[in-house]
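Chemist: Got a predicted structure plus its sequence, pasted below:
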2 protein chains.
Amino acid sequence: MNEAALRIGLDVGGTKIAGIAVDGAGITRAEVRIPTGWGSDAVIRGILTAVTGLRHDLGHGSGGIRSIGIGVPGLVDADGGRVLHAVNLGVESLQIARIVAEATGVRCFVENDVKAAALGAAALRRVTEPMAYLNLGTGVAAGLVIDGRIWRGARGTAGEVGHLVVDPDGRECGCGQRGCIESLCGGGALARAWGRESALPVKDILDAADAGDALAGRLREDLFRGAAAAVRALVLTADVETVIIGGGLTALAERIEPGIRRALRDDAGASPFLQSLRLDERIEILPAASPVAALGAALLGTAAVSATAQEEEIIVHG
Amino acid sequence: MNEAALRIGLDVGGTKIAGIAVDGAGITRAEVRIPTGWGSDAVIRGILTAVTGLRHDLGHGSGGIRSIGIGVPGLVDADGGRVLHAVNLGVESLQIARIVAEATGVRCFVENDVKAAALGAAALRRVTEPMAYLNLGTGVAAGLVIDGRIWRGARGTAGEVGHLVVDPDGRECGCGQRGCIESLCGGGALARAWGRESALPVKDILDAADAGDALAGRLREDLFRGAAAAVRALVLTADVETVIIGGGLTALAERIEPGIRRALRDDAGASPFLQSLRLDERIEILPAASPVAALGAALLGTAAVSATAQEEEIIVHG
């Protein structure tokens, strides 16, 4: 194993940091999971602890880490390596890339966590066509990967389909609008509409819907039609070939996948144009807890998903 | 003037063919406009008549036409130079590029007319950032231009925002759905909802709304909020920097532009996120009858909008 081919990827979430080290062939060589602290200092300490843990697990081969990639929830200035408004981390503005690079001696890249996950999902599922990763979690957002690269758009808001309004009479969303996609299928919005204390509100909603509860049945339908609307927005606007669905709600993948597929079929029912797109065949739900954000973070800074393997091969054989 | 730098572009519409010849500097050297016939044979005859007319106007310099680009309403297999399901032309399937190339001895490119217009709008307005062209005509569709090239997507449906549903209780659309964007702001849908005989139904609706007619007022509001929804879908999904609005409704540009801007501002009113995007400042309406589809067709087959001038310069100075 060539040491220099190792890349570290960290998914810095509101509750935990999940880290992996992958080699040039994309094989995971080490994994770590630690709680996330609150505020800039604690976040940096957590990142450095995770890196140290991974290096320790890698043993004597850990000297030549090629890069550290970090996915964070928030607005990211990828070129400047800075994160802004990461409210779940208690971070207002932080030069993560510079600080981590100085502390570790390894070059560092930062990206929004959903965009990093999109890159990881494309690599994990070996998708080479234009694709979108739709994150169904507390919130709803997507990332686009085109030609093996994250498509950030003109201002970094590409994939923000969660805040497209699809029902003017819908529920209020935290974003200030009514009836946007996130208000229908975001875990946070569903929990608020359900209104009962629960550690696993979406699971409870599905259970109650199965038991015949009318409110739960309507919320389950909102979940399905909201996700279907997100898929349509992604395909009809950017024309991605595939939409890979990930995020916290995939813990319930086998209970929600058939419903999203049915909603896509039902909504296309009267429209030959939509039927011709076969949207229900173009989605895929990741297995629960797929580490796509950490994997994608590890791939940050490589020219492209497909180019990575080549680049590494040159190093391995050189 | 170098003869070989001339390119012909034809916008083949349901009623007329508009053709131009541009030189390497993008200057229009000749123009032609003839009625479109019905069916494959008549469409080809019209195209060849337009080319002959342009060549005649160009005089002795017409021998070295570099390319002929053709924009057509319908599904286009750009690589194969074929158009499919061009219902407005009475064409089911036609190998336009091969037939026109054989008849003229000039290489020929074919593209969907809205996608060609997007390329033309980017060139006309000298937009180098990711942009969308939103065509408000009888129907509603958009084209994306990224890095100076038409973004066709995985299956050629990129930009089909007209059939995204934004109001489940809305009017039926010809596409089979209810409340899609085209049902709100398409000229055909507005004319059907207005229901009165008129040669210029959208103008009549605006006049009647100004005079206090309630139905006309609601339809005018639908026009504004539908166009605003299309702009949001394009920016929040693909994150284009600019949306340039063209198409038949731009004949009323000075009467609809303020309303679309207001709808974008109003809809963002309660949302700090949407306000931060300043969507009302990111749209632009083309002057009526801007020949963007013919211009874009003339640019088909060039590497990119920005590369065209360079390529031509080499020829001019070579």
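Modeler: Perfect, I can see it now. Computed from a predicted model, the values in this text were never measured in an experiment.
Chemist: contacting residues around the residue nearest the centre of chain A?
Modeler: Closest to where the C-alpha atoms of chain A average out (C-alpha atoms, centre = their mean) is A:Val114, at 3.3 Å. Residues in contact with A:Val114, defined by C-beta atoms under 8 Å, 6 or more residues apart in numbering or on different chains, are A:73, A:133, A:135, A:141-143, A:159, A:293. Heads up, the C-betas are built off the backbone N, CA and C, glycines and all.
Chemist: I'd like the distance between it and chain B.
Modeler: 13 Å (C-beta to the nearest C-beta, to the nearest Å).
Chemist: before we move on, back to that, who wins on neighbours among the contacts of A:Val114?
Modeler: When neighbours are counted by other C-beta atoms under 10 Å in any protein chain shown, A:Ala293 leads these with 36 neighbours.
Chemist: That residue: what secondary structure?
Modeler: helix (DSSP: H, G, I helix; E, B strand; the rest coil).
Chemist: In this structure it contacts A:Lys115, no?
Modeler: No: contact criterion C-beta atoms under 8 Å: A:Ala293 and A:Lys115 do not qualify, at 9.3 Å.
Chemist: Identify the residues contacting the residue in the stretch 1-150 of chain A positioned nearest to chain B.
Modeler: Nearest residue of the stretch 1-150 of chain A to chain B, counting by C-beta to the nearest C-beta: A:Pro130, 4.9 Å away. Listed by C-beta under 8 Å, 6+ apart, the contact set of A:Pro130 reads A:144-147, A:238-241, B:153-154.
Chemist: Kindly recompute the last result at 10 Å.
Modeler: A:122, A:144-147, A:151, A:234-235, A:238-242, B:151-155, B:158 (C-beta atoms under 10 Å, 6 or more residues apart in numbering or on different chains).
Chemist: Buried among those residues? Need that as a selection in PyMOL.
Modeler: Here is the PyMOL selection string for the buried members of the contacts of A:Pro130, based on 16 or more other C-beta atoms under 10 Å in any protein chain shown:
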select buried, (chain A and resi 122+144+145+146+151+234+235+238+239+240+242) or (chain B and resi 151+152+153+154+155+158)
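Chemist: Tell me which entries of the contacts of A:Pro130 lie within helices.
Modeler: A:122, A:234-235, A:238 (DSSP state H).
Chemist: one step back: okay, and the common contacts of A:Ala293 and A:Lys115?
Modeler: A:71, A:133, A:135, A:143.
Chemist: burial of the first one, as a residue count?
Modeler: Okay, so that is A:Gly71. A:Gly71, neighbours per other C-beta under 10 Å, totals 30.
Chemist: Give the bridge partners for it, please.
Modeler: For A:Gly71, the beta-bridge partners under DSSP bridges are A:Asp11, A:Glu111.
Chemist: repeat for the one 4 residues further on
Modeler: On the basis of DSSP bridges, A:Leu75 is bridged to A:Leu84.
Chemist: per-residue confidence for it?
Modeler: Looking at A:Leu75, its pLDDT is 86.
Chemist: tell me the contacts of it?
Modeler: Contacts of A:Leu75 by C-beta under 10 Å, 6+ apart are A:82-86, A:93, A:112, A:156-157, B:276.
Chemist: Was I right to think A:His163 contacts A:Leu184?
Modeler: No: using C-beta atoms under 10 Å, A:His163 is not in contact with A:Leu184, being 11.5 Å away.
Chemist: Name the residues contacting each of these two.
Modeler: A:140, A:173.
Chemist: more crowded one of these two?
Modeler: Neighbour comparison, A:His163 and A:Leu184: the larger count goes to A:Leu184, with 28 against 24 (by other C-beta under 10 Å).
Chemist: In a strand, that one, correct?
Modeler: No: A:Leu184 is assigned helix when assessed by three-state DSSP, not a strand.
Chemist: quick one: it and A:Gln177 touch, right?
Modeler: No: taking contacts as C-beta under 10 Å, A:Leu184 lies outside contact range of A:Gln177: 11.7 Å.
Chemist: Enumerate the residues of the stretch 201-318 of chain A near chain B.
Modeler: Contact residues (C-beta under 10 Å from any C-beta of the partner chain) of the stretch 201-318 of chain A with chain B: A:225, A:229-230, A:232-242, A:267-278, A:282.
Chemist: In the stretch 201-318 of chain A, which residue sits nearest chain B?
Modeler: A:Asp239 (2.2 Å).
Chemist: could you list every residue that touches the residue nearest to that residue when sequence neighbours are not counted?
Modeler: Once flanking residues are discounted, A:Asp239 sits nearest to B:Gly153: 2.2 Å by C-beta to C-beta, 6 or more residues apart in numbering or on different chains. By C-beta under 10 Å, 6+ apart, B:Gly153 lies in contact with A:129-130, A:146, A:235-241, B:144, B:159-160, B:238.
Chemist: again with A:Leu219
Modeler: A:171, A:184-185, A:189-191, A:193-194, A:201-202, A:205-206, A:208-209, A:213.
Chemist: in which helix or strand would I find the closest residue to it other than its chain neighbours?
Modeler: Nearest non-adjacent residue to A:Leu219, counting by C-beta to C-beta, 6+ apart: A:Ile205, 5.1 Å away. Using DSSP states H and E, A:Ile205 maps to helix A:201-210.
Chemist: any chance you could map the strands in the stretch 1-150 of chain A?
Modeler: Using DSSP state E, counting those that start in this stretch, the strands of the stretch 1-150 of chain A run over A:6-12, A:16-22, A:28-35, A:65-72, A:75-77, A:82-86, A:91-94, A:108-112, A:131-136, A:140-146, A:149-151.
Chemist: What average pLDDT does the fourth one get?
Modeler: The reference is to strand A:65-72. 95.
Chemist: What about A:Asp57, how many residues nearby?
Modeler: A:Asp57: 14 neighbours (other C-beta under 10 Å).
Chemist: same thing with A:Ala118?
Modeler: A:Ala118: 31 neighbours (other C-beta under 10 Å).
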